[in-house]
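Chemist: dropping a prediction and its sequence here:
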Protein chains: 2
Amino acid sequence: MPLAERKLIDRIRRLVPPGTGPLIRGIGDDSAVLRVSSGYELLVTTDLYIEDVHFRTQWHPPQSVGHRCLARGLSDIAAMGGEPVACFLSLGLPARLPQAWVDGFLHGFTRLARPFKVQLAGGDVSSARNITADIMVIGQAPAGKAVLRSGAKAGDRIYVTGELGGSAAVLERLYDRKRVRPSGSSRHFYPQPRIEVGRRLSRQRLATAMIDLSDGLSVDLNHICNESRVAATIREDAIPVAPGAGLKHALHGGEDYELLFTASAKAKVPAEIAGVQVTEIGVIGRQKDYRAAIQILNENGRTQALLPKGWQHFARR
Amino acid sequence: MPLAERKLIDRIRRLVPPGTGPLIRGIGDDSAVLRVSSGYELLVTTDLYIEDVHFRTQWHPPQSVGHRCLARGLSDIAAMGGEPVACFLSLGLPARLPQAWVDGFLHGFTRLARPFKVQLAGGDVSSARNITADIMVIGQAPAGKAVLRSGAKAGDRIYVTGELGGSAAVLERLYDRKRVRPSGSSRHFYPQPRIEVGRRLSRQRLATAMIDLSDGLSVDLNHICNESRVAATIREDAIPVAPGAGLKHALHGGEDYELLFTASAKAKVPAEIAGVQVTEIGVIGRQKDYRAAIQILNENGRTQALLPKGWQHFARR
């Protein structure tokens, strides 16, 4: 391993406290060693985060890139109703990259990890042509309590947390070369994974199926429909559109990292969970036609098919 | 997610049997769900594998690239004395890459996974400028039995499995533009992770410290010395040099994926474990000077410092 990479590992190691809690052995051996609580199942998720595909250095400050990278993984654990335990970060870095960028990235990363008590337990570093990060998060959930995408049943109600489309609206402004301030409260630059909401939905057995909104409502609801073999109808006027966003952003814009879940019609789903607004937006029906799993009911009482477009619709114009 | 990536995921999914054994839920949800055997600890390792850094498409057939990618991760689990349980693969692929290359890669990958019963349980795909793979392997070891790098004590003997330098000798031929046939039995193109050897060394409590030879003997023995706060003396004439390789390849050449371990002087270490030759090459001493942790005793009875050079010495000429 070249000296620059060894130095980076030493730098990361200093940021990370020695093994505590479930982490028996972290960075510095051939693999990490973790203790799994008895009666728990393990959740594992990996997400690539690549320069010019998922972020641009001229748009996203390094702190935001580090934050978003970890948020992607944490959000997947939230969508299972789990709690994060440890994370692993593989970083491919171009030689031209200033040290200050790497420090900013690590700062954004560890600042998000801290409140969730997620330990950076290992990873790898290498040279690469583009900045390439692969984030792996390990979580846990009590045995049998992880909420899958496949549990939705006809008659279930459909819910989302928070407001949708805010992240895509910002992305559109960036593509249009409009000025955007990467403020700390922006859900595009600093999305907050809904760990506590997911955990409560799982523990109280409220959610029958769940997914996080990373690709966009039309795509992610379609995943639930496919995996559960059901159809869905959502009401246009019920969708909580974020300030500054339009309906198209809320329907097809990704990277909001809110939760989309279904619950039995009889379930008492609170209007707010862990300080986050929860909105009923539709109902699950029987599967009819694979190509049009989702119908949208507009304000004129008309129903039409909602095709899964997703945020790539915005990103790849 | 663009259509090409969705298709690749469907292709991978067809290669993978549905969740069996410890895998409760694999590809197709926000995260994989794994059952951990009670009384076991979890081992987690991640390794980047990047085009033009770790392999070249003009040198390495796609089957070899897929094999080597997984072998890197499995070898880390072997070095802990663990058994692999599941793996996760993140793939960044350039648009120009032919489908046949991806199929070859997946073929080499799954052909190595099968005998070790390692299930591909998830991952991610994305576009990327260079072929970028990140392999994560999850393993398990009975609680307290994982063999760390930090357990070597003064007086312990030092051992290696198999023969060293074979992989670096091939790499040198490739750099020198000499003809190399990527045969199925080549340890450069198709290294065999020493899972069973590592498992027995751990279960029989023979190894006090262990690491896999990925960076080269001089670098990896230095890792054991640093983590165990000891020094080491190895005997030049004891080192098992692979056919076609020289001493410099055996000392500093990486990617042999053999095991390097220490055992008490009293331990009865067999000359062969699970069909693999085991050779005693030296002895652990007290820590003196950080910069020269390793001494090498040559055939003239002279001792000199062995500096950690590693395979980058060959790769980056």
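Modeler: Good, I have the coordinates.
Chemist: what residue ranges in the stretch 201-317 of chain A score low on pLDDT?
Modeler: The stretch 201-317 of chain A contains residues with pLDDT under 70 at A:289-292, A:310-317.
Chemist: which stretches in chain A count as strands?
Modeler: A:23-25, A:32-34, A:40-50, A:83-93, A:119-127, A:132-142, A:157-161, A:207-212, A:230-235, A:259-263, A:272-273, A:276-286, A:294-297, A:303-305 (DSSP state E).
Chemist: can you pull out the helices in the stretch 51-200 of chain A?
Modeler: In the stretch 51-200 of chain A, the helices defined using DSSP state H, counting those that start in this stretch lie at A:62-79, A:99-113, A:166-175, A:195-203.
Chemist: can you redo those helices as JSON lines with distance to chain B and mean neighbour count?
Modeler: C-beta here means a position set from N, CA and C on the backbone, and glycine is covered the same way. Formatted as JSON lines, these follow (distance: least, C-beta to the nearest C-beta, whole Å; neighbours: other C-beta atoms under 10 Å in any protein chain shown):
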{"stretch": "helix A:62-79", "distance to chain B": "4", "mean neighbour count": "27"}
{"stretch": "helix A:99-113", "distance to chain B": "15", "mean neighbour count": "18"}
{"stretch": "helix A:166-175", "distance to chain B": "15", "mean neighbour count": "22"}
{"stretch": "helix A:195-203", "distance to chain B": "10", "mean neighbour count": "22"}
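Chemist: looking at the ones you listed, which is nearest to A:Leu8?
Modeler: helix A:99-113 (6.9 Å; C-beta to C-beta).
Chemist: now for that closest one, which elements pack on it?
Modeler: When contacts are defined as 3 or more C-beta pairs under 8 Å, 6 or more residues apart in numbering or on different chains; DSSP states H and E, helix A:99-113 packs onto helix A:3-15, helix A:62-79, strand A:83-93, strand A:119-127.
Chemist: the shortest one to strand B:132-142, inter-axis angle?
Modeler: Here strand A:119-127 runs at 140 degrees with respect to strand B:132-142, directions being taken by axes from the mean of the first three to the mean of the last three C-alpha atoms, to 10 degrees.
Chemist: strand A:119-127 vs chain B: in contact?
Modeler: Yes. Residues of strand A:119-127 contacting chain B under C-beta under 8 Å from any C-beta of the partner chain: A:Ala121, A:Gly122, A:Gly123, A:Asp124, A:Val125, A:Ser126, A:Ser127.
Chemist: and that strand, which strands flank it?
Modeler: Using DSSP bridges, strand A:119-127 pairs in its sheet with strand A:83-93 (parallel).
Chemist: now the strand it pairs with: how far from the chain's centre is it?
Modeler: Chain-centre distance of strand A:83-93: 14 Å, with C-alpha atoms, centre = their mean, to the nearest Å.
Chemist: check stretch A:26-40 too.
Modeler: Using C-alpha atoms, centre = their mean, the offset of stretch A:26-40 from its chain centre is 24 Å.
Chemist: now it: buried residues?
Modeler: Using 16 or more other C-beta atoms under 10 Å in any protein chain shown as the test for burial, stretch A:26-40 gives A:Gly26, A:Ile27, A:Gly28, A:Asp29, A:Asp30, A:Ser31, A:Ala32, A:Val33, A:Leu34, A:Arg35, A:Val36, A:Tyr40.
Chemist: and the one residue sitting closest to the centre of chain A, how far is that from B:Lys268?
Modeler: Nearest to the geometric centre of chain A sits A:Ser75, at 3.4 Å (C-alpha atoms, centre = their mean). According to C-beta to C-beta, to the nearest Å, A:Ser75 stands 52 Å off from B:Lys268.
Chemist: and if you look at A:Ile281?
Modeler: Taking C-beta to C-beta, one finds A:Ile281 at 68 Å from B:Lys268.
Chemist: looking at those two, which is more packed in?
Modeler: Each of A:Ile281 and B:Lys268 has its neighbours counted (other C-beta atoms under 10 Å in any protein chain shown); A:Ile281 has more, 23 against 8.
Chemist: A:Leu206 and A:Leu259 touch, don't they?
Modeler: No. The criterion here is C-beta atoms under 8 Å, and A:Leu206 misses it with A:Leu259 at 11.4 Å.
Chemist: ok, those two, which is more surrounded?
Modeler: Neighbour count, other C-beta under 10 Å: between A:Leu206 and A:Leu259, A:Leu259 has more, with 30 against 22.
Chemist: would you confirm that the more buried one contacts A:Arg200?
Modeler: No. Counting by C-beta under 8 Å, A:Arg200 is not a contact partner of A:Leu259; they are 10.8 Å apart.
Chemist: could the strands of chain A go into CSV alongside distance to A:Gly246?
Modeler: Shown next, in CSV, are the strands of chain A (distance: least, C-beta to C-beta, whole Å):
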stretch, distance to A:Gly246
strand A:23-25, 44
strand A:32-34, 44
strand A:40-50, 27
strand A:83-93, 33
strand A:119-127, 38
strand A:132-142, 30
strand A:157-161, 16
strand A:207-212, 22
strand A:230-235, 16
strand A:259-263, 19
strand A:272-273, 25
strand A:276-286, 16
strand A:294-297, 15
strand A:303-305, 17
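Chemist: so for stretch A:176-189, what gets flagged as buried?
Modeler: Going by 16+ other C-beta under 10 Å, stretch A:176-189 has these buried residues: A:Val180, A:Arg187, A:His188, A:Phe189.
Chemist: which of those residues lies closest to A:Tyr159?
Modeler: Looking across these and measuring by C-beta to C-beta, the closest to A:Tyr159 is A:Arg187, at 18.2 Å.
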